[in-house]
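Student: Any chance you can model this:
(chains A and B)
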Amino acid sequence: MSVSDRIEGVSRRLGQRSPSDVQTLVLALLAGSVAVAVLTPLLWVLNSARSVPVDRFFDILFRQTTLDIFLNTVVLVVAVTALSILIGVPLAVLTAQTDLPFRRLFTILAALPLVVPSYIGAFAFVSAFGPRGVLADALAPLGIEQLPSIYGLVGSVIVLTLFTYPYVFLTTRASLLSIDGRSVEAARTLNHTRLGAFRRVTLPQLKPGIAAGALLVALYTLSDFGTPAIMQFDVFTRIIYVRTTARQVDFASIFSILLVGLTVVILLAESRIERGGETSAYVNRGTDRPGVVRLGRWRWVAALFPLAIATLALALPPAILFTWLGRSTPELAGAAVDFQWTFAWNSVTVSALAAGVSVLAALPLSYLSARGKGRLASLPERASYVGYAVPGVVVGFGLLSVALNVTPFLYGSLAVLVFAYVVRFLPQAVGTTRSSILQVDPQLLEAARTLGKPPLVAFRKVVLPLVMPGIVAGAALVFLTSMKELAATLLLRPFGFETLVTYIWQVQEAAAYGQAAVPALVLVGISALSMLVILGRERYDVKE
Amino acid sequence: MTADDSRRDDRAATAGFRPSRRRFLATSGVAVTGALAGCSGLFGGDDGDYGAPNYDAVDAAMEAAALSEFQGSGAILEGRPAPGGRSMEELPNLSGELAIYLGGGEGGLYLDLFDVLEEVYPEFSYTSQSKPSSELATQIVEEARANQLQADLFISIGAGSLGTVVEEDATRPMTDETVEPVPEAFVEPDNNWVGVAGRARAIPYNTEQLDDGDLPDNVMEFPDANALQDVMGWAPTYGAFQDFVTAMRLQEGEDATLQWLEDMQAAGIQSYDNEFLISDAVSTGELAAGFANHYYALRVLNGSPERPLDLHFTRGDAGSLVNVSGAALLDRDENAGLADVFVRHLLSAEAQEFFATRTYAYPMLPGVQPVGDLPPIDELETPDIDLTELANTGPTTDLLTEAGVL
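Tutor: So this is what the prediction gives:
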């Protein structure tokens, strides 16, 4: 039986015969293999867990410390996600729908914290607000001896929120810009106040956008290691890291499995919200934007909000690093190799490769999920989020093991590192691509087909140009998160291959913090350029 | 891979011998000795051998510059005797390309030393990769199982990680000749790893606030010491601190260690991010004393010699543990001979002088003095602990978590 016969047979069994269903099947196979590929690092976890005796498994599972860490993790994720919505949504409304002064500038500033690695942010916060930090030093002469502690939950929440809320900001802003202004005006003519119209008309349409951003925030928080490590707050990632490197693989794998379970719960919750709003997500084809809200004399007061956030998230970290530059003793300054521009070039190359591979891999997943019918069609797309929630050290050791045992000829090459980034950050490309596919009227494609174009050509000529902005934005997001990824980079980089983050890690280990200032600024600067690409995409959406 | 290969490597090394480079090394030794200690005992004999009439000014300048390559700078060098032990010039030349796994970011300093070796031996070059020692140990074990080792040599900042890779059969023994000058305590019984630089646990204290007599000689008595209530600091997330707790656990048992951790907290100990910050805080009077590796205090003092900072050592317990940065040859067919000779270079008088004066580590050669007023390594009363047992950090993490320290 030939392959096409088999496909035919499957189609028949499904009771559908049209050629477009064969295409769906091919698409499903493609999407399925991408999903399986990005889940391979987890094989390592499952394989390690298999060797744990059942009683040992339950012994670890039901310890008091396990429960504590589980609760810590849940509280951290919920708090960071909620706060990110509280910061991201108002900022999106302010910059998209009001006459806030310097709107363009504040739009860029509000998105930029995403490019700052959270471990640098956490380090800056401890240096600034810690018990012996800059603030404590400044207040000491005033007789203030003790500051409230920055360590633990409070510090972790503040830092993670400040550097991840832009996910919510960006997705909410994109939804706001695509909302049909006429529906808001209709509500106003029906005697709704501005606030009422926002609550009853705008907000429901924003919900999928907010949910998509909140999902990225929640899963990033789940996977982040640097911040809780510096803030000394016990969450899954910290335990997994400590146990993995202490070669207690049983602990590490059990906590990894718990973490994946938590991820699945978050994904299910988000699907529910998103499905609720989906119908309205792509019936909107209006081009009229809602009118700008005039803030009047409150304009300048309102500007203080984005200004305060930008100061904390963007001005503080470099400022702190530069104070360390001044403080370094000659011995400390000499503790590490000098910065070289090749590190920046290496970072850019490998991150750009990851971005390119990610958008290609994201296409079948997002197309199937956006256009396919039924829950099964979304399964590969949903599955790709798991890698995003797993900490880098698990992805790193998982891929290390897979590469060594399955593809030894690739071990130690750049390909493994690029693939690690794809595993970790693919969902970001999937998210933006999928939402832009959703915004394309499916009838456009059908129209092209009726004009005699074969399906692939129709897709390339009609759909692709329309979803291009989403693909570019996805590439930019993958690029900037790959630029700042540390855990898998340290583990999987080829011999003699140093990037900006591995250099920053080395000088920080040597306690030569000042030397991290220049590479950190270069990292933030390059990533900021890719953020401009993301925001530049808005030109396609709206004509301003 | 066999002794044949290593002999071949050695031959290759000899073939790459260059008289001018030898002279470069030899004369720099003389200059060091002359400039710093005013005597030329150690390398004196070489003057005759290599003091050739064809010296020109350029050579001399280059050689003078070479001194600083191995030595640090500042107050610590005053009155320092010349390093004793096997000189680099007695060793076979290095030739070939060596791949090094370097555990720990502090290894950045070690790269300076390797760069000097590259400069001395034109036929020699190296590539390296650094990451946290414990991660690297896990990676090496995985690589060895798949027969895919990427490096010839593993240099780790702690014996624990070396123990891990030895236990998992990822190493091959070094030659007796290479490890011969190092005291037994710092060599694995089958020559599978050797210490290249020591790091002692110590109690930095502020000399304006405390006298040496205020500090107990037994680390277990610290929680009850009157002078130490609410004025001490520790860095519980720091690897070296956790090694210290592991040592205490091995020596005193889990219950006593847990009790000690809880008592120290009851005595108001404060947490810091790393031990450099502790040593710095002690020197400014913010703390009166702390738990730290010895070299951090020396770093502080070398930058600010006027600060009232000194080190106290406990006796024969975890508080005086001496851990080592060490080297292990990875079980790989290439470069075994080169890697062995490279380690021999790390154990030469010149390289040990580097570790002593640039990283403030305890030299492994009895003939090389530690810097400053540090007691020589054989005068420290170190605990009787097999350093590789420090690899077993799991129960320690449990204890620290249970005590609420982590």
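Student: interface residues of the stretch 51-200 of chain B facing chain A?
Tutor: Proximity of the stretch 51-200 of chain B to chain A (Cβ under 8 Å from any Cβ of the partner chain) is limited to residues B:72-74, B:99, B:104-106, B:108-109, B:111-112, B:127-132, B:134-135, B:137-139, B:141-143, B:145-146, B:148, B:150-151, B:164. Just so you know, the C-beta spots here come from the backbone N, C-alpha and C atoms, and that holds for glycine as well.
Student: let's see 7 Å
Tutor: B:99, B:104-106, B:108-109, B:111, B:127, B:129-132, B:134-135, B:138-139, B:142-143, B:146, B:148, B:150, B:164 (Cβ under 7 Å from any Cβ of the partner chain).
Student: Check these for burial and list the buried ones.
Tutor: B:99, B:104-106, B:108-109, B:111, B:129-132, B:134-135, B:138-139, B:142-143, B:148, B:150, B:164 (16 or more other Cβ atoms under 10 Å in any protein chain shown).
Student: now the helices: where do they sit in the stretch 151-300 of chain B?
Tutor: Assigned by DSSP state H, counting those that start in this stretch, the stretch 151-300 of chain B shows helices spanning B:159-167, B:176-179, B:239-252, B:254-266, B:275-284, B:294-303.
Student: how about the ones you listed, which one is nearest A:Pro455?
Tutor: Of all those, it is helix B:159-167 that lies closest to A:Pro455, at 55.5 Å by Cβ to Cβ.
Student: counting contacts, what elements does that closest one pack onto?
Tutor: Packing partners of helix B:159-167 (3 or more Cβ pairs under 7 Å, 6 or more residues apart in numbering or on different chains; DSSP states H and E): helix B:133-145, strand B:322-330.
Student: Make JSON lines from the helices of the stretch 151-300 of chain B and add mean pLDDT to it.
Tutor: Putting the helices of the stretch 151-300 of chain B into JSON lines (pLDDT from 0 to 100) gives the following:
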{"stretch": "helix B:159-167", "mean pLDDT": "87"}
{"stretch": "helix B:176-179", "mean pLDDT": "94"}
{"stretch": "helix B:239-252", "mean pLDDT": "91"}
{"stretch": "helix B:254-266", "mean pLDDT": "95"}
{"stretch": "helix B:275-284", "mean pLDDT": "88"}
{"stretch": "helix B:294-303", "mean pLDDT": "86"}
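Student: can you tell which of these is closest to A:Phe479?
Tutor: Closest approach to A:Phe479 among the helices of the stretch 151-300 of chain B (Cβ to Cβ): helix B:239-252, 33.3 Å.
Student: so the closest one versus helix B:133-145, what angle?
Tutor: Helix B:239-252 and helix B:133-145 are oriented at 80 degrees to each other (axes from the mean of the first three to the mean of the last three Cα atoms, to 10 degrees).
Student: Excluding residues flanking it in the chain, which one is nearest A:Leu404?
Tutor: The shortest distance from A:Leu404 to any non-neighbouring residue, by Cβ to Cβ, 6 or more residues apart in numbering or on different chains, is to B:Ala146 (3.9 Å).
Student: doesn't A:Pro408 make contact with that neighbour?
Tutor: Yes. Counting by Cβ atoms under 7 Å, B:Ala146 does reach A:Pro408; the two are 6.5 Å apart.
Student: Against A:Ile210, how distant is B:Cys282?
Tutor: Careful, residue B:282 is Val and not Cys. Distance of B:Val282 to A:Ile210, computed by Cβ to Cβ, to the nearest Å: 50 Å.
Student: do the same with A:Val134
Tutor: A:Val134 is 35 Å from A:Ile210, by Cβ to Cβ.
Student: what's the answer for B:Tyr101, then?
Tutor: Distance, B:Tyr101 to A:Ile210, by Cβ to Cβ: 46 Å.
Student: Kindly check the end-to-end length of stretch A:449-460 for me.
Tutor: End-to-end distance for stretch A:449-460: 12 Å, by Cα to Cα, to the nearest Å.
Student: Okay, buried residues for that stretch please.
Tutor: Result for stretch A:449-460 [16+ other Cβ under 10 Å]: buried residues A:449, A:453, A:458-459.
Student: How about stretch A:316-329?
Tutor: Judged by neighbour count (16+ other Cβ under 10 Å), stretch A:316-329 contains these buried residues: A:316-318, A:320-321, A:323-325, A:328-329.
Student: Now for the residue in the stretch 201-350 of chain B that chain A sits nearest to, how many residues are close by?
Tutor: Distances between the stretch 201-350 of chain B and chain A by Cβ to the nearest Cβ are smallest at B:Gly303, namely 3.3 Å. Neighbours of B:Gly303 under the rule other Cβ atoms under 10 Å in any protein chain shown: 18.
Student: how about low-confidence regions in the stretch 101-250 of chain B?
Tutor: For the stretch 101-250 of chain B, the stretches flagged by pLDDT under 70 are B:105-108.
Student: Skipping its backbone neighbours, what lies nearest B:Ser271 in space?
Tutor: B:Pro236 (6.0 Å).
Student: coming back round to it: I'd like the buried residues of stretch A:449-460 laid out as JSON lines, including pLDDT, secondary structure and distance to chain B.
Tutor: Formatted as JSON lines, the buried residues of stretch A:449-460 follow (pLDDT from 0 to 100; DSSP: H, G, I helix; E, B strand; the rest coil; distance: Cβ to the nearest Cβ, whole Å):
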{"residue": "A:Arg449", "pLDDT": "79", "secondary structure": "helix", "distance to chain B": "50"}
{"residue": "A:Lys453", "pLDDT": "78", "secondary structure": "coil", "distance to chain B": "49"}
{"residue": "A:Ala458", "pLDDT": "81", "secondary structure": "helix", "distance to chain B": "47"}
{"residue": "A:Phe459", "pLDDT": "79", "secondary structure": "helix", "distance to chain B": "42"}
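Student: Would you mind listing the two of those that lie farthest apart?
Tutor: A:Arg449 and A:Phe459 (9.8 Å).
Student: burial of the residue in chain A positioned nearest to chain B, as a residue count?
Tutor: In chain A, the residue that lies nearest chain B is A:Glu509 (2.3 Å; Cβ to the nearest Cβ). Neighbours of A:Glu509 under the rule other Cβ under 10 Å: 20.
Student: So what does it look like in phi/psi?
Tutor: phi -60, psi -40 (degrees, to the nearest 10).
Student: what separates it from A:Tyr151, distance-wise?
Tutor: Taking Cβ to Cβ, one finds A:Glu509 at 20 Å from A:Tyr151.
Student: Repeat that for A:Val184.
Tutor: Relative to A:Tyr151, and taking Cβ to Cβ, A:Val184 is found at 45 Å.
Student: Same question for A:Pro113.
Tutor: Per Cβ to Cβ, A:Pro113 is found 21 Å from A:Tyr151.
Student: The two: who's more crowded?
Tutor: A:Pro113 (25 against 17).
Student: Test my guess that that one contacts A:Leu316.
Tutor: No. In this structure A:Pro113 lies outside contact range of A:Leu316 using Cβ under 7 Å: 10.5 Å.
Student: Counting neighbours, go ahead and name the busier of A:Val134 and A:Ile210.
Tutor: Counted by other Cβ under 10 Å, A:Val134 and A:Ile210 do not tie: A:Ile210 has more neighbours, with 22 against 16.
Student: can you give me the mean pLDDT across the helix or strand the more buried one falls within?
Tutor: Counting by DSSP states H and E, the element that carries A:Ile210 is helix A:203-223. Summarised as a single mean, pLDDT over helix A:203-223 is 88.
Student: And the pLDDT for B:Leu42?
Tutor: According to the prediction, B:Leu42 has pLDDT 24.
Student: which residue is nearest the middle of chain A?
Tutor: A:Leu216 (4.7 Å; Cα atoms, centre = their mean).
Student: let me redo that: chain B
Tutor: Most central in chain B (Cα atoms, centre = their mean) works out to B:Ala197, at 2.4 Å.
Student: how about the nearest residue to that one, chain neighbours excluded?
Tutor: Nearest one to B:Ala197, counting by Cβ to Cβ, 6+ apart, is B:Ala361 at 3.6 Å.
Student: Pull up the gap between that neighbour and B:Leu102, please.
Tutor: According to Cβ to Cβ, B:Ala361 and B:Leu102 sit 15 Å apart.
Student: need the helices for the stretch 301-406 of chain B, in chain order.
Tutor: B:336-346, B:349-358, B:394-402.
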